[in-house]
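# Below are the sequence and a predicted model for it; my questions follow.
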Amino acid sequence: MGFDITRTHYYSSPMAPPTKIPLIKIHDLMVKTRLLEERLIKIYKSGEGFFWIGGPGQEAFDVPLGLQIKKGEGLNFDWLHLHYRSTPVVVAMGLEMIDGVRMMKNVASDTSSHGRNFCNHYAISKWNVAPISSPIEVQYSMAMGTAWAQKREKSKGITIVTGGDAGTAEGDFASCLIWASRPGRELPMLILVEDNHWGISTPFEGQHGEKNIADRAKAFGIKTNIVDGNDVVKSWEAIEEALDYVRTERKPFFLQASVSRLYGHSSASGANFVKEEKDCLPIFEAKLLKEKILTKEQIASVYEKYNKESMEALDQARSEPAPTAESIWDFVYADNENADWKKF
Amino acid sequence: MANFAQAIRMALHYGEEHLGLKDIFGQDVGPPLGGVFTATQGLKTTWNTPLDERGIIGMAMGLALAKSRCVAEIQFCDYIFNTIDLLKIVGNTCWASYGQFSMPMTVMTPVGSGIRGSIYHSHSFDAWATRLPGWKIVMPSNPLDAYGLMLAALKEPNPVLYLKPKALLRVRGEELIPGEPSDEKELRSMIDAPLGDRSKWKPRWPKLEEYIVPIGSGKIVREGDQATVVSYGRLLPVCKQAADQLGSEGHNVEVVDMRSLYPYDWQMIKKSIQKTRRVIFVAEDTEVTSFGEHLSRRTMEELFYELDARPRVLAGKNLPGIGLNPVLEEATVPQLENVLHEIRELVAEVP
């Protein structure tokens, strides 16, 4: 009999009420997204890719988030306004390694951007994953629109937006809090901030006087919570509670998660492992071993599986063609209408 | 005849009834005011927003991603500048996602001078707008086109920036909008909100018909064979007036209303220039790297050997603002006498 990675486990304090958390599946996906990111970094370092930025260190929060998304297209499903560190979310939703590698290799088969955008800037219309763009925090103002459409149409879906702590200094974050909490027009939004404590090289403390970012949401009457985003179970439970509130009450919920930034800001800062940061993966694995949920051999086999898959994905992407020069004019407009003034 | 603001209002009503328009929003766009220029009075899907331009554009972007048709207003284009990176994202979303996400949204904003609007109610945005690839940019010069271009915008799968020449918003048209009552007093009584308490007022909309001005199509508003004047928006009627006046001096000048700045009707412009062999481009926005310069460059590159005179660009002075005193405003933005002067020079130039 093979090991059933989809079965649920009762994990937490033995005294706590049982919650269904698919711990083995979470671990599997955490390893998958971590090894995908490490493969992307290797691609950059070997000169086969141009730039890396991503989310190693956010797996313990983002994988539980991705697994609790109501995935699909249209207003009856959740809309996601993510950022370039959200790779674990989309991996948990079903993104395959090859999709991430193709984007890193900017080949024509990159389904998010056809070789146009940086790695981890996903755009997935079939899952309501809005295009991720490099400008910081713009997703917070865009998210208001999908949430408003969902509220107006009384749809079943909600909107989820996430970004980093440094970017909360941008006006779009304030816009989100204001527009999401207008009396009588509250928006069904889960507003997340994943606090890695850094804005490139600048630590949070020197730039922010507020004790917690969540305090800003409280000022607008928004229900809030703060969670240790390096703890899988606490993250799952906090996300579950927040999602349940937004889905039921059709009002915003603000959740702040402390996470790590394990490979620095991006390849521009070296993309080297930062030993001083807390790493959620070995922490989680120690608990899985202690609780006898997984054995060392089983954990090793997960790494082996995804190492192999990441190498195969790279081999595959290497063999695929680059976009053509002529393709630069594709989809400036919808339906590929001509946008070249020389042809007007 | 409807005025410009009434034409926009009627187009938006048509959009609500027939084109799936679900949200019209912006600062003071909803009741009781219905827009500072009354262009959104009485409409059923209007609502007021916080005083937050980035929020307004962000809201429109999200609605567009969700394929929910909307019109967002920035109250004056002078206040759109803090949204410029969002406008850039709007323009690149379809392209960056390789066609996965189109952005069917319309942003309308009053532009230009002519109301003694001082430094922050006189700006133009056409030159800036045409540097936002991925958008379609329109700027009507009369109520009928205002109606037809709005309906075209509401059918577009792409983002449309709808520039409203604020000095023309009270100007009445010369052609009836299909379905509009011919008596303007009757129209006013039907769709203009009363002064004072409006809480119980409801408009009585005329039975409007579809009328589309295709985006990208210009219009020859005056035929001539001695020179071509290309303009749009507020200065179009000024150019027409200048051409009419010059007609009495024996000059036969053709006037082209671009109506759309991007995509633009090059074939119409080109044909006219080939006929008259002389051209001037007239607009309000500041002259350095203006849209007229692009058109002038294209004229030089494609039609150089067919010209009898050097192409001209008449545009706003390259200044950081437009001063309040009428002397200052009129010295900054092209006036009738400037247009007349330039056209006279153009037609008089000996090759």
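All right, it came through fine.
# tell me the secondary structure for A:I299?
Classification of A:I299 using DSSP: H, G, I helix; E, B strand; the rest coil returns helix.
# oh sorry, the question was meant for A:T168
The three-state label given to A:T168 by three-state DSSP is helix.
# do the same with A:L80
A:L80 ends up strand, using three-state DSSP.
# Could you tell me how far it is located from chain B?
Separation of A:L80 from chain B (CB to the nearest CB, to the nearest Å): 11 Å. The way it works is simple: take the backbone N, C-alpha and C, and place the C-beta from them, glycine included.
# can you confirm B:A39 is in a helix?
No - using three-state DSSP, the assignment for B:A39 is coil, not a helix.
# Neighbours of it, how many?
B:A39 has 28 neighbours, counted by other CB atoms under 10 Å in any protein chain shown.
# what's near enough to touch it?
B:A5, B:I8, B:R9, B:L12, B:E73, B:M108, B:K164, B:L169 (CB atoms under 8 Å, 6 or more residues apart in numbering or on different chains).
# For chain A, what's its nearest residue on the stretch 51-200 of chain B.
Chain A sits closest to B:G62 of the stretch 51-200 of chain B, with a gap of 1.7 Å, by CB to the nearest CB.
# Which residue, other than its chain neighbours, is closest to that residue?
A:G145 (1.7 Å; CB to CB, 6 or more residues apart in numbering or on different chains).
# What helices and strands are in contact with the helix or strand containing the residue of the stretch 51-200 of chain B closest to chain A?
Taking DSSP states H and E as the definition, B:G62 sits inside helix B:53-65. Packed against helix B:53-65 by the contact rule (3 or more CB pairs under 8 Å, 6 or more residues apart in numbering or on different chains; DSSP states H and E) you find strand A:79-81, helix A:138-152, helix A:171-180, strand B:23-26, strand B:70-73, helix B:84-96, strand B:105-111.
# what separates it from the chain centre, distance-wise?
Relative to its chain's centre, helix B:53-65 lies at 21 Å (CA atoms, centre = their mean, to the nearest Å).
# what's the angle from it to helix A:138-152?
60 degrees (axes from the mean of the first three to the mean of the last three CA atoms, to 10 degrees).
# Any regions of chain A where pLDDT drops low?
A:1-19 (pLDDT under 70).
# let's see it at 50
A:1-18 (pLDDT under 50).
# Tell me where it has helices.
In chain A, the helices defined using DSSP state H lie at A:23-45, A:59-67, A:87-93, A:97-104, A:138-152, A:171-180, A:214-218, A:232-249, A:280-290, A:296-318.
# Repeat that for chain B.
B:4-18, B:53-65, B:84-96, B:126-129, B:143-155, B:184-191, B:235-247, B:266-276, B:291-303, B:326-332, B:336-348.
# Including mean neighbour count and mean pLDDT, could those helices go into a markdown table?
As requested, the helices of chain B are arranged in a markdown table below (neighbours: other CB atoms under 10 Å in any protein chain shown; pLDDT from 0 to 100):
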| stretch | mean neighbour count | mean pLDDT |
| --- | --- | --- |
| helix B:4-18 | 24 | 98 |
| helix B:53-65 | 27 | 98 |
| helix B:84-96 | 21 | 98 |
| helix B:126-129 | 24 | 96 |
| helix B:143-155 | 26 | 98 |
| helix B:184-191 | 15 | 96 |
| helix B:235-247 | 21 | 98 |
| helix B:266-276 | 18 | 98 |
| helix B:291-303 | 18 | 97 |
| helix B:326-332 | 14 | 97 |
| helix B:336-348 | 17 | 98 |
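# Could you dump these into CSV and include distance to B:D257?
As requested, the helices of chain B are exported to CSV (distance: least, CB to CB, whole Å):
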stretch, distance to B:D257
helix B:4-18, 14
helix B:53-65, 27
helix B:84-96, 25
helix B:126-129, 14
helix B:143-155, 8
helix B:184-191, 23
helix B:235-247, 5
helix B:266-276, 10
helix B:291-303, 14
helix B:326-332, 23
helix B:336-348, 14
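# for residue 296, what are its contacts?
Here I'm looking at chain A. So A:K296 contacts A:L289 (CB under 8 Å, 6+ apart).
# my question was about chain B
B:F281, B:P311, B:R312, B:V313.
# residues touching the first one, list them.
Yep, that's B:F281 we're talking about. B:V230, B:S231, B:F291, B:G292, B:L295, B:S296, B:P311, B:R312, B:V313, B:L314, B:A315.
# try the last one
Applying CB under 8 Å, 6+ apart, we find B:V313 in contact with B:I280, B:F281, B:E287, B:S290, B:G292, B:E293, B:L295, B:S296.
# what's the spacing between it and chain A?
Distance from B:V313 to chain A, by CB to the nearest CB: 17 Å.
# Out of the contacts of B:S296, which is nearest to B:D192?
Lowest distance from B:D192 to the contacts of B:S296 (CB to CB) belongs to B:F281, with 36.4 Å.
# List the residues that contact the closest residue to the closest one other than its chain neighbours.
In this structure, B:F281 finds its nearest non-sequential neighbour in B:G292, 3.6 Å apart by CB to CB, 6+ apart. Residues in contact with B:G292 (CB under 8 Å, 6+ apart) are B:V230, B:F281, B:V282, B:A283, B:V313, B:L314, B:A315.
# again with B:P178
Contacts for B:P178 (CB under 8 Å, 6+ apart) come out as B:L208, B:E209, B:E210, B:Y211.
# Dump the contacts of B:A39 to a markdown table, plus distance to chain A.
Output for those, formatted as a markdown table (distance: CB to the nearest CB, whole Å):
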| residue | distance to chain A |
| --- | --- |
| B:A5 | 26 |
| B:I8 | 22 |
| B:R9 | 22 |
| B:L12 | 17 |
| B:E73 | 15 |
| B:M108 | 17 |
| B:K164 | 23 |
| B:L169 | 27 |
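# Now compare these and name the two farthest from each other.
The farthest-apart pair in the contacts of B:A39, when distances are taken by CB to CB, is B:L12 and B:L169, at 14.0 Å.
# What separation is there between the most centrally placed residue in chain B and B:C70?
For chain B, the residue nearest the mean C-alpha position is B:M139 (1.9 Å; CA atoms, centre = their mean). Counting by CB to CB, to the nearest Å, the separation of B:M139 from B:C70 is 20 Å.
# Same question for A:K251.
For A:K251, the distance to B:C70 - CB to CB - is 22 Å.
# Which residue of those two possesses the greater neighbour count?
B:C70 (26 against 17).
# Pretty sure the more buried one sits against B:G26.
No - counting by CB atoms under 8 Å, B:C70 does not reach B:G26; the two are 10.3 Å apart.
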